[in-house]
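A.B. asks: Predicted model and sequence follow; I will ask about them next.
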Amino acid sequence: MEAAEATKHGLAAGDTVAPERPDWTIDQGWKNYTPAEHAVWKTLFERQTRLLPGRACDEFVEGMKNLPIGAEQIPDFLELSEVLMQRTGWQVVAVPGLVPDEVFFEHLANRRFPAGNFIRKPHELDYLEEPDVFHDVFGHVPMLMNPAIADYIQAYGEGGLRAKKLGVLDKLARVYWYTVEFGLIQQKDGLRIYGAGIASSRTESVFSLEDPSPNRIGFDLERVMRTNYRIDDFQESYFVIDSLAQLLELATIDFAPLYARIAGKPDYQPGDVLPADRVVVRGTGRYHDAKRAP
Ligand code: HBI
Ligand code: FE
């Protein structure tokens, strides 16, 4: 293994490395994955593939079916990009982990999805400090096969660059969090997962849909912009869209007046249920209450 590649593969979460390229992309280094790393992928792939039928939305399942993603090996980003490019004009590019906001948005605005090239260790299958190749590829890439999501995430990249300049990125990031990462969708046959953070998590793919604890609340843009989220645990509330077209509609709205309107208004806490909410399921709150109890 080449020395530079070895460093990138062994990158620990939180390490900062000066990027070699200004856009922070690196070679995926596919040939450098070890059998043990492919085996971690296989474990994760197989357990999510067992869990997701009847839980992931139809578009996720459809996207997965048409991609070169399987149990046996970590996917090759070039092969993924070839298929994605034909479908929705997206590519997958390799990055060493979290990249600065502007770099992330610039990629999305240009229909490049930055995916971590590393994979979590066997002893941390359910634990992630930074998005790895399983979260990024298994969770995000199937949805990028859908034209509505493809356009929505590009718009998020463009909106992110504007929001950063306006100093309101925290508001926009909540929209991404509660849609692209932790979104639920109402399908004719029930509530389903479309968020990548849920779809790539063994425990949350069950918790988000079946546990009595969390709230499931109809998605409302301004409401979500004002709602804090949890990064360290399951969500206390999930927001439900009725169709992916609803997200595409968001991509056409000018957020600037909205940012102005909510400026100075208080934030909502993750577990809040408001009188104006369209409540799909009122959660018991038990899961997080138990953790808060002295
Ligand atoms: N970098 N690789 C990577 N993946 C992300 O999801 C990501 C990032 N940098 C910034 C970021 N996300 C978020 O903080 C923004 O969506 C706000
Ligand atoms: Fe993600």
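C.D. replies: Great, that's in hand. Ligands and ions are numbered 1, 2, ... in the order given.

A.B. asks: Enumerate the residues of the stretch 1-150 of the chain near ligand 1.
C.D. replies: By CB under 6 Å from any ligand atom, the residues of the stretch 1-150 of the chain that approach ligand 1 are Val95, Leu98, Val99, Asp101, Phe104, Pro114, Pro131. C-beta: built from backbone N, CA, C; applies to glycine.

A.B. asks: and the closest residue to the fourth one other than its chain neighbours, what helix or strand is that in?
C.D. replies: By that I understand Asp101. Closest residue to Asp101 apart from its sequence neighbours, by CB to CB, 6 or more residues apart in numbering: Lys164 at 6.0 Å. Here Lys164 sits within helix 147-166, counting by DSSP states H and E.

A.B. asks: How about Pro75?
C.D. replies: Per DSSP H and E, there is no helix or strand for Pro75.

A.B. asks: Could you measure from Gln91 over to Tyr156?
C.D. replies: Counting by CB to CB, to the nearest Å, the separation of Gln91 from Tyr156 is 16 Å.

A.B. asks: next one: Gln28
C.D. replies: Taking CB to CB, one finds Gln28 at 24 Å from Tyr156.

A.B. asks: Then Asp272?
C.D. replies: 24 Å.

A.B. asks: Which parts of the stretch 1-150 of the chain are helices?
C.D. replies: Per DSSP state H, counting those that start in this stretch, the stretch 1-150 of the chain carries helices over the ranges 3-9, 35-51, 58-65, 77-88, 101-109, 133, 141-144, 147-166.

A.B. asks: Need the contact partners of the last one.
C.D. replies: Counting contacts by CB atoms under 8 Å, 6 or more residues apart in numbering, the residues outside helix 147-166 that touch it are 59, 87-90, 101-102, 104-111, 113, 143-144, 169, 171-172, 175-176, 179-180, 194, 244-245, 247-248, 250-251, 255-256, 259.

A.B. asks: Filter the residues you listed down to the buried ones, PyMOL style.
C.D. replies: Only the buried entries of the contacts of helix 147-166 go into this PyMOL selection, using 16 or more other CB atoms under 10 Å:
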select buried, resi 59+88+90+104+105+106+107+108+109+111+113+143+144+169+171+172+175+176+179+180+194+244+247+248+250+255+259
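
A.B. asks: Grab the nearest non-local neighbour of Tyr75.
C.D. replies: Not Tyr; residue 75 is Pro. Ile69 (5.0 Å).

A.B. asks: the more surrounded of Asp272 and Tyr156?
C.D. replies: Ranked by neighbour count (other CB atoms under 10 Å), Asp272 and Tyr156 place Tyr156 first, with 24 against 16.

A.B. asks: From ligand 2, how far out is the more buried one?
C.D. replies: 12 Å (CB to the ion, to the nearest Å).
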